[in-house]
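Student: Got a predicted structure plus its sequence, pasted below:
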Amino acid sequence: MQLKELASLIVGSRITGAEETEITGIQTDSRKVKPGDLFICLPGTAQDGHEYAGQAITQGAAALVAERPLDIAAPVLYIKDSRTAMAIISDHFYGYPSHEMKVIGVTGTNGKTTTTFIIDKILSDYGQITGLLGTIGMRIGDKTYPTQNTTPDAADLQAAFRRMRDVGTGYCIMEVSSHALAMGRVKGCRFRTALFTNLTQDHLDYHQTMDRYLAAKGLFFSRLGNEYSPHESDRKYAVLNVDDPASAELAAMTSAQVVTYGIHQEADVRASGIQFTSAGTSFMLSTFCGDVPVHLKLIGKFNVYNALGAVAATLLEGVPLQQVKNSLEEMEIVQGRMEPVNEGQNFLVLVDYAHSPDGLENALKTISEFVEGRVITVFGCGGDRDRGKRPLMGEIAARYSDFVFMTSDNPRSEDPERILDDIEPGLLKAGLASSEYSKIADRKEAIYQAIEMARPNDVVLIAGKGHETYQIINGTVLHFDDREVAREAIRGLNRD
Ligand SMILES: CC(=O)N[C@H]1[C@@H](OP(=O)(O)OP(=O)(O)OC[C@H]2O[C@@H](n3ccc(=O)[nH]c3=O)[C@H](O)[C@@H]2O)O[C@H](CO)[C@@H](O)[C@@H]1O[C@H](C)C(=O)N[C@@H](C)C(=O)N[C@H](CCC(=O)O)C(=O)O
Ligand SMILES: Nc1ncnc2c1ncn2[C@@H]1O[C@H](COP(=O)(O)OP(=O)(O)OP(=O)(O)O)[C@@H](O)[C@H]1O
Ligand SMILES: N[C@H](CCC[C@H](N)C(=O)O)C(=O)O
Ligand SMILES: [Mg+2]
């Protein structure tokens, strides 16, 4: 595609250099530029892409998109706002792929990955070709790829949609993070359904206040389906968790049809008579298509919410209720979400991705529903992220545990010990005595000590990193997998 075709999309844009320059790809990271790419210079939070224009050209970029004058001998497309231009250009370059399939987006503080996996399971069992995009990675056809962010930027996202379409994908089920909404990564995407899980404190390092965090989520719903259509496939749905107070505000922001799910309030899709065990969760599912009893292998009330959201989204796609039930009942635990590590020991070890106060509280409440012995919790908080959540997570860990190991999550550029100092006041506020917790920055050591401490019927919760297979310490990415470490620690016990 020629540069001038892309320029024609953006009001007030201007090209210096050859307008006919042929563009064969789009890139926003100079290190990944391939010959023929259009390199979009993005002013970022840590760096400024304009500084890397030279490197992009050296790597073979055919042209650049920039907000400010570049002193460079290459064609440049000047625009006012690189991020909006990136969304418009990428959508056009890849042929508006989100218009050729149904995109179901899931947003909310917690439960996005799990909900997308449940929707994916139900729709694939129903015979649909699905693609999945989120924290754990991206699945296109039967191949999976790693993702750096939960929601990629517009250039990578539209490219992924195109590849999904090229292998016949009918549904893309994706996580839509609040960062993505605030940064316009999903601008231009045509969503069929926008699903909201919940809103609780996290990411205030980025959004500053809960109001701004909610406003970012609101963008998803306010942009959804402002026009109606006679075609069923063009209809838009906002699927909202009615038990979360933010849903009322989101409902008011959208002109799409609102479909609700919940446990406590009246809802279109609802669960009642919920029973919890360590082996799963049973409930009566009432929907606008009828009622059925369901037994989930997933544990915890929060997974009932995730299942209800997925039920609403898939019933709207015409999946029969009985098939929805069958898929729910077959649904396996999502990796790193309340994932048991079982080496035949007589206590339970769960690895969970809870990394926000609400996530941790839900994981621990779930355990309290069935635990017979003590609860031993190993957790930390990520560095370079919302500091405000640290004492809150400390307080929650203390409230629901008999013993707490405070340890490192991904300290990133921060001093691990300082992060633990931020968590500790929360433990003290909850009244934990010094004999009831340990501060061990080395995560492997903390996991080993927790497992050595466990007695029959105890539950050891290792929270925060879930599926992650790395730990970022001092900016260096090291291999680390909670499940592997826990397994080694349990095997070590068995040898003693
Ligand atoms: C705060 C934040 O979200 N930052 C994201 C953002 O970075 P940025 O735009 O600020 O970019 P920057 O690092 O300042 O660099 C500016 C530009 O220079 C370019 N550059 C930079 C260096 C270089 O050598 N060459 C080069 O071209 C960069 O590619 C970028 O285009 O855009 C980058 C490219 O898309 C992201 O990778 C980066 O995610 C960082 C790694 C991150 O940690 N993000 C987290 C907070 C995040 O987004 N999380 C949400 C999930 C949250 C949740 O709900 O749990 C997510 O969707 O993943
Ligand atoms: N509906 C929910 N409500 C509250 N907590 C939840 C819910 N679902 C999952 N959790 C907790 O949050 C953790 C993360 O779940 P999940 O990965 O599904 O969320 P996410 O929204 O995708 O997270 P991220 O923002 O990091 O992508 C789980 O390990 C669990 O402890
Ligand atoms: N999407 C979240 C994941 C946090 C996971 C936790 N292990 C951490 O590193 O803080 C973030 O980037 O803030
Ligand atoms: Mg996720």
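Tutor: Okay, I see it. Numbering: from 1, shown residues only. Ligands and ions are numbered 1, 2, ... in the order given.

Student: In the chain, which residue sits nearest ligand 2?
Tutor: residue 111 (2.9 Å; C-beta to the nearest ligand atom). (Each C-beta comes from the backbone N, C-alpha and C, glycine too.)

Student: List the contacts of the nearest residue to that residue once chain neighbours are set aside.
Tutor: Among residues not flanking residue 111 along the chain, residue 197 sits closest, at 3.9 Å (C-beta to C-beta, 6 or more residues apart in numbering). Taking C-beta atoms under 8 Å, 6 or more residues apart in numbering, we find residue 197 in contact with 106-112, 115, 241, 244, 305-306, 309.

Student: need the residues you listed in CSV with neighbour count, can you?
Tutor: Converted to CSV, the contacts of residue 197 look like this (neighbours: other C-beta atoms under 10 Å):
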residue, neighbour count
106, 30
107, 29
108, 26
109, 22
110, 25
111, 27
112, 26
115, 30
241, 27
244, 19
305, 25
306, 33
309, 31
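
Student: Looking at those residues, which are in strands?
Tutor: Among the contacts of residue 197, the members found in strands (DSSP state E) are 106-107, 241.

Student: Nearest to ligand 1 among these?
Tutor: So of the ones in strands among the contacts of residue 197, ranked by how close each gets to ligand 1 (C-beta to the nearest ligand atom), first place is residue 107, at 8.3 Å.

Student: so which strand or helix has residue 133?
Tutor: strand 130-134 (DSSP states H and E).

Student: and the nearest residue in space to residue 401 that is not next to it in sequence, how many neighbours?
Tutor: Excluding its sequence neighbours, the residue lying closest to residue 401 (C-beta to C-beta, 6+ apart) is residue 377, at 4.2 Å. Residue 377: 26 surrounding residues under other C-beta atoms under 10 Å.

Student: helix or strand right after the strand or helix carrying residue 377?
Tutor: In the assignment (DSSP H and E), residue 377 maps to strand 375-379. Using DSSP H and E, the helix or strand that follows strand 375-379 in sequence is helix 389-400.

Student: how about whichever residue of the stretch 351-496 of the chain sits closest to ligand 4, what does it touch?
Tutor: Nearest residue of the stretch 351-496 of the chain to ligand 4: residue 353, at 7.8 Å (C-beta to the ion). Residue 353 makes contact with 113, 336-337, 359, 463-468, according to C-beta under 8 Å, 6+ apart.

Student: Give me the pLDDT for the closest residue to residue 114 other than its chain neighbours.
Tutor: Nearest residue to residue 114 in three dimensions, chain neighbours excluded: residue 306, at 4.5 Å (C-beta to C-beta, 6+ apart). On pLDDT, residue 306 comes in at 97.

Student: so who does residue 306 touch?
Tutor: So residue 306 contacts 111, 114-115, 118, 197, 298 (C-beta under 8 Å, 6+ apart).

Student: Need the max-distance pair from those.
Tutor: 197 and 298 (14.3 Å; C-beta to C-beta).

Student: ok so residue 202 is a helix residue?
Tutor: No - read with DSSP: H, G, I helix; E, B strand; the rest coil, residue 202 is coil and lies in no helix.

Student: can you count the residues close to the closest residue to it other than its chain neighbours?
Tutor: Spatially, and ignoring its direct neighbours in sequence, residue 202 is nearest to residue 356 (4.0 Å; C-beta to C-beta, 6+ apart). For residue 356, the count of nearby residues is 23 (other C-beta under 10 Å).

Student: Also residue 486?
Tutor: 27.

Student: ok, which residues in this structure are in contact with ligand 4?
Tutor: 112-113, 135, 175 (C-beta under 5 Å from the ion).

Student: Of the residues you listed, which is the nearest to residue 40?
Tutor: Among these, and counting by C-beta to C-beta, the member closest to residue 40 is residue 175, at 23.1 Å.

Student: Was I right to think the closest one contacts residue 147?
Tutor: No - shown here, residue 175 and residue 147 do not form a contact pair, counting by C-beta atoms under 8 Å, at 9.5 Å.

Student: More neighbours: which of the two?
Tutor: residue 175 (24 against 17).

Student: Which strand residues bridge the more buried one?
Tutor: Taking DSSP bridges as the rule, residue 175 bridges to residue 106.

Student: quick one, what contacts it?
Tutor: 105-107, 112-113, 116, 133-135, 150-151.

Student: can you do 6 Å?
Tutor: 106, 112, 116, 134, 150 (C-beta atoms under 6 Å, 6 or more residues apart in numbering).

Student: again, but for residue 324
Tutor: If you count contacts by C-beta under 6 Å, 6+ apart, then residue 324 has 122, 311, 314 around it.

Student: The closest residue to the last one other than its chain neighbours: how many residues sit nearby?
Tutor: Spelled out, that is residue 314. In space, and not counting its chain neighbours, residue 314 is closest to residue 122: 4.4 Å by C-beta to C-beta, 6+ apart. Residues lying near residue 122 (other C-beta under 10 Å) number 28.
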